[in-house]
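Engineer: Could you work out the structure for the sequence below:
(chains A and B)
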Amino acid sequence: MRSPTVVIGLLVCTLTGCAQTEVHRHTPKLSTLPAHCTTPDATPSLRCASVSTPTFDKKGHLWVSWVQGPHVYVSRQGREETEFAAPVRVNPQPEAVEHNGENRPKIVVAGNGDIYLSYSVRKPQPYTGDVRFSRSLDGGKHFSPPSSISDEARPSSQRFDALAVSASGRIYLAWLDKRTKLAARQEKKPYPGIALYFSYSDDRGASFSPNQIIRHHSCECCRLAMVINNDRPALMWRSVYGKNVRDHSFMVFKNPTNPGVSTPTRVSQDQWAIDACPHHGPAMSMDKEGTYHTVWFTNGTARQGLFYARSSDGGNRFSPPLGFGNPKHQSTHPHIASLGKRVFIVWKEFDGKQTQIRMMQSTDYGKRWSAVSSVATTAGASDHPLLLSNGLQVYLWWQTAAEGHRRLMLN
Amino acid sequence: MRHSLSLLLLLLISDSVNAAPTDTIKPFVTGSFATILAAHQGQQTIISFWSPDCPPCIEEMPLWKTLRRTHPELAIVLVTTEPLSTSTRSRAILKRFELTDIEAWAFADPVIERLRFDIDRQWFGELPRTYLLNAANKLSAVSGLLPEGWLQRWTEYSSHSEQ
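Structural biologist: Residues are numbered from 1 along each chain as shown, chains lettered A, B, ... in the order given. Predicted coordinates for the structure are as follows:
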């Protein structure tokens, strides 16, 4: 579809005499995926991914998961950065797998080498989905047929999954679930947002615990952030406060398998009242001291833009929000990672011509921050930027249509 | 491909008589927002950005249908952010709400940031995003569902600024 897009621009201008010629003259040839990716029988390749998700295993090998057509693929990076093992197909049956910046396949590698994968599938009814789980116990050679996480007699809707594995090997899946909203609707009761649910597995993903609610009234369509702190999941998500104020909540489970009943911490009083889909979820990292570092976007009455806050008391209190990014350049989709004392934040900006990944870093656990620098650019379409660490370095991972994936060491 | 190109040509010809409603969806590219505003100068116009993935957007669909009946003097333009090349779900929704003859556009640039930058730098992608153009060509933006009483306030403001 690449060349027709350009043709459209030119024709529109010929027929209507508008200003688009200018823009299209500067349109890069590859603002979409390469042509060889768009045929139904295209060979599976990371180059053909519009979004991709990387993770490191304990040995420092990089694994990546992506969606191509109706399938999820996994591949391990070789010694060379551009060298990838033959992709392994996860789901044998074609599925409408969600693959956008907010809702992408998740991949984690446990300490024992097991590979766990989750993803959301779009169901035919609007705004409904199905969270699927698959595992590989043979080092990524084969994946189990994916199974649905829902334990309902008639599954309602599960989407926006988050996946993590603890040091002890317990697998956690959290997601946004519609069942409580639908139940409320049946009783003609108002129910702002939907609900945050979870399940865990103690047998390497062979079976999962009954689905359990974490908290009511989450926002419907934003990615979740989950980390494991000493076998207890910590979560950050966009909540619905009152009727429609979509600010962020944070909580740590009371114990490894029980979220408890305490009121979540409101990370920031942004007061973003909106009956809409922000499609803009938070990100979180925990450093070795147990400090939580969080980033998010808001357009509230109290503040607008991208913000950072940290909590060094287990999430009871967060520091005053620190704004970053240039809102005139559409600063969006922040991600965060920590390594020792160092904390890195990246986000996207668009300067009118190209998309840039901007970065700032702290060398003192997030107390003071460096000036902002640009670390990557693209002229075409791009995924959200992601940060990951192998315990030695922090890397930016960014999938772009024109260039494919890139992995950049940050320092 | 040839087929889709000829379809696009047809579509583009209808684009040249911009104000006329069409049962096809036009490609929304850089400059399209200005084109829409220019075409509707001096007319109270609603330009709503929506997507099939946005529940509140669908909630608003019956409103557009009603408004066309109760306020035929208003122009309504719907722009789906679903890519034009794969806009089957958007088309189905327009059909379901009997809006196939409304002025409809679909994003036709894979670089969403470029479109948003061109439309409004203060828009961060939340949907629905509605722009109200009044008769004095003043533009206001609303994120999310339109608040209660918006139509009356907008109309009053519009007629006030006309005087």
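
Engineer: How about the residue in the stretch 51-200 of chain A that chain B sits nearest to, nearest residue that isn't a chain neighbour?
Structural biologist: At 5.3 Å from chain B, A:Y127 is the closest residue in the stretch 51-200 of chain A, using Cβ to the nearest Cβ. (C-beta placed from N, C-alpha, C; glycine too.) Using Cβ to Cβ, 6 or more residues apart in numbering or on different chains and skipping residues adjacent in sequence, the residue nearest A:Y127 is B:P55, 5.3 Å away.

Engineer: A:F350 too?
Structural biologist: That would be B:E113: by Cβ to Cβ, 6+ apart, it lies 3.7 Å from A:F350.

Engineer: tell me the phi and psi of that neighbour?
Structural biologist: phi -60, psi -40 (degrees, to the nearest 10).

Engineer: mind checking pLDDT for the residue of the stretch 51-200 of chain A closest to chain B?
Structural biologist: If you check A:Y127, the pLDDT there is 81.

Engineer: Can you tell me the SS state at the nearest residue to B:R96 once chain neighbours are set aside?
Structural biologist: Of all residues not flanking B:R96 in the chain, B:M61 sits nearest, at 7.8 Å (Cβ to Cβ, 6+ apart). Under DSSP: H, G, I helix; E, B strand; the rest coil, B:M61 falls in the helix class.

Engineer: Identify the residues contacting B:M61.
Structural biologist: By Cβ atoms under 8 Å, 6 or more residues apart in numbering or on different chains, the contact list for B:M61 reads B:93, B:96-97, B:99.

Engineer: Of the residues you listed, just the buried ones, PyMOL syntax please.
Structural biologist: Only the buried entries of the contacts of B:M61 go into this PyMOL selection, using 16 or more other Cβ atoms under 10 Å in any protein chain shown:
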select buried, chain B and resi 93+97+99
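
Engineer: So which of the contacts of B:M61 are in helices?
Structural biologist: B:93, B:96 (DSSP state H).

Engineer: Closest one of the contacts of B:M61 to chain A?
Structural biologist: B:I93 (8.2 Å).

Engineer: Quick one: the strands in the stretch 101-250 of chain A, in order.
Structural biologist: A:106-109, A:115-122, A:129-136, A:147-148, A:158-165, A:171-177, A:194-201, A:212-218, A:225-229, A:232-238, A:248-252 (DSSP state E, counting those that start in this stretch).

Engineer: winner for burial among those?
Structural biologist: Sort the strands of the stretch 101-250 of chain A by mean neighbour count, taking mean count of other Cβ atoms under 10 Å in any protein chain shown, and strand A:171-177 sits at the top with a mean of 26.

Engineer: chain center to it: distance?
Structural biologist: 13 Å (Cα atoms, centre = their mean, to the nearest Å).

Engineer: now stretch B:97-116
Structural biologist: With Cα atoms, centre = their mean as the basis, the mean position of stretch B:97-116 lies at 7 Å from the chain mean.

Engineer: ok, now stretch A:130-138?
Structural biologist: 18 Å.

Engineer: likewise stretch B:105-125?
Structural biologist: With Cα atoms, centre = their mean, you get 13 Å for stretch B:105-125.

Engineer: and the gap between A:S239 and A:G101?
Structural biologist: To A:G101, A:S239 is 20 Å away according to Cβ to Cβ, to the nearest Å.

Engineer: Next: B:A135.
Structural biologist: The value you get for B:A135 to A:G101, if Cβ to Cβ is used, is 39 Å.

Engineer: the more surrounded of these two?
Structural biologist: Neighbours per residue (other Cβ atoms under 10 Å in any protein chain shown) separate B:A135 from A:G101, with A:G101 holding more: 22 against 17.

Engineer: Chain neighbours aside, what residue packs nearest to the more buried one?
Structural biologist: A:H384 (3.9 Å).

Engineer: Neighbours of the one you found, how many?
Structural biologist: For A:H384, the count of nearby residues is 24 (other Cβ under 10 Å).

Engineer: Give me the pLDDT value at it.
Structural biologist: With respect to pLDDT, A:H384 scores 97.

Engineer: ok, now the one 5 residues further on?
Structural biologist: According to the per-residue confidence, A:S389 scores 97 in pLDDT.

Engineer: about what we covered before: identify the residues contacting the residue nearest to A:Y127.
Structural biologist: B:P55 neighbours (Cβ under 8 Å, 6+ apart): A:126-127, A:220, A:277.

Engineer: again, only this time at 10 Å
Structural biologist: A:126-127, A:194, A:220-221, A:275-277, B:127 (Cβ atoms under 10 Å, 6 or more residues apart in numbering or on different chains).

Engineer: Spell out which parts of the stretch 51-200 of chain A neighbour chain B.
Structural biologist: Residues of the stretch 51-200 of chain A lying close to chain B (Cβ under 10 Å from any Cβ of the partner chain) are A:98, A:100-103, A:122, A:126-127, A:194.

Engineer: Surely B:T100 and B:T24 touch.
Structural biologist: Yes - taking contacts as Cβ atoms under 10 Å, B:T100 lies within contact range of B:T24: 9.1 Å.

Engineer: can you give me the helices for the chain?
Structural biologist: Going with chain A. Using DSSP H, helices in chain A cover A:2-16, A:20-26, A:179-186.

Engineer: my bad, chain B
Structural biologist: Counting by DSSP H, the helices of chain B are B:2-16, B:32-39, B:55-70, B:88-96, B:112-119, B:150-162.

Engineer: Between helix B:112-119 and the second one, find me the angle.
Structural biologist: This points to helix B:32-39. 30 degrees (axes from the mean of the first three to the mean of the last three Cα atoms, to 10 degrees).

Engineer: Pull out the buried residues from helix B:32-39.
Structural biologist: By 16+ other Cβ under 10 Å, the buried positions in helix B:32-39 come out as B:32-33, B:35-37, B:39.

Engineer: Return only those of those residues found close to chain A.
Structural biologist: B:32, B:35, B:39.

Engineer: Pick the one among these closest to chain A.
Structural biologist: Looking across those and measuring by Cβ to the nearest Cβ, the closest to chain A is B:T35, at 5.6 Å.

Engineer: neighbours of A:T39, just the number please.
Structural biologist: 10.

Engineer: Next up, the contacts around it.
Structural biologist: So A:T39 contacts A:48, A:69 (Cβ under 10 Å, 6+ apart).

Engineer: Next one: A:R406 relative to A:R358, how far apart?
Structural biologist: Note on A:R406: its distance to A:R358, by Cβ to Cβ, is 15 Å.
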